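Q: Got a sequence here, can you model it:
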Amino acid sequence: MEKRRNNLKVIGNIIIGIIILFTFSNCENDYQPKPRGYFRIDLPTHKYERFNVPNYPYSFDVSDFARIIPPRINPEKYWINIKYPKFKAQLHISYKPVNNNLDTLLNDVHKMMNKHIPKANAINEQMYLNEELDVYGIAYKIEGSEAASPYQFYLTDSTSHFLRGALYFNFSPNNDSLEPVIEFIEQDIQRLIESFEWNK
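A: Next up is the predicted model:
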């Protein structure tokens, strides 16, 4: 009887061993972690209309997907926000008249850019010159997953007008996942710059 029990134990252990062996032999040995995925973002087609408000010192093309509203905090004359509600993004536009203070205004831009350096992987500059319309400026693309503002620019005629733009999102930045949206809005900003005019 004892011998029979021992034989059953041995047979049971062999069956369990075969099951375990069979289970592990069917597992894939070439597992690789998958790259992090992000939600798919549906982007609208680019269409533009002219922003040209009476008495404003500037005009430009703006996406019909965006809304233009005055800023809520410390609004100054001719300041606007271009909102992208679906993306929870805003392009803050500020305007200052130039009155022997161009160096100060440019230094302010550089100070703002320097604040992004600790979180930025790179800051790429693109110069804009339109001598016919007296529009000169620089656009800054700020790369880095935690950069607070991925895109900024300024435009001036160097004698009378100075305009600055900065793109912000209304949540903690993760610019890797936002890259399609940033590129979409970046195209709108480039259109804004290329179509920009100072109003007489």
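Q: which parts of stretch 74-94 are buried?
A: Residues 78-84, 87, 89-94 are the ones in stretch 74-94 that count as buried (16 or more other C-beta atoms under 10 Å). Bear in mind the C-beta positions are built from the backbone N, C-alpha and C, glycine included.
Q: Would you point out the helix or strand in the protein whose mean pLDDT is lowest?
A: helix 2-25 (a mean of 69; mean pLDDT, DSSP states H and E).
Q: Quick check: what element follows that helix along the chain?
A: strand 48-51 (DSSP states H and E).
Q: Could you pull up the residues touching G165?
A: G165 makes contact with L91, H92, I93, S94, Q152, F153, Y154, I189, L192, according to C-beta atoms under 8 Å, 6 or more residues apart in numbering.
Q: These in helices, which ones?
A: Judged by DSSP state H, helices contain the following of the contacts of G165: I189, L192.
Q: and which of the contacts of G165 is nearest to E131?
A: Distances from E131 to the contacts of G165, taken as C-beta to C-beta, are shortest for Y154 (17.2 Å).
Q: Going by secondary structure, I138 is in what exactly?
A: strand 135-143.
Q: pretty sure A120 is touching G144, no?
A: Yes. A120 is in contact with G144 according to C-beta atoms under 8 Å; the separation is 4.3 Å.
Q: more crowded one of those two?
A: Neighbours per residue (other C-beta atoms under 10 Å) separate A120 from G144, with A120 holding more: 22 against 18.
Q: what's near enough to touch that one?
A: Contacts of A120 (C-beta under 8 Å, 6+ apart): I142, E143, G144, A147.
Q: low-confidence ranges in this protein?
A: 1-8, 10, 12, 17, 21-41, 172-177 (pLDDT under 70).
Q: Please report phi then psi for the residue nearest to the spatial centre of the chain.
A: When C-alpha atoms, centre = their mean is applied to the chain, the residue found nearest the centroid is I182 (3.5 Å). Backbone torsions of I182, given as degrees, to the nearest 10, read phi -60, psi -40.
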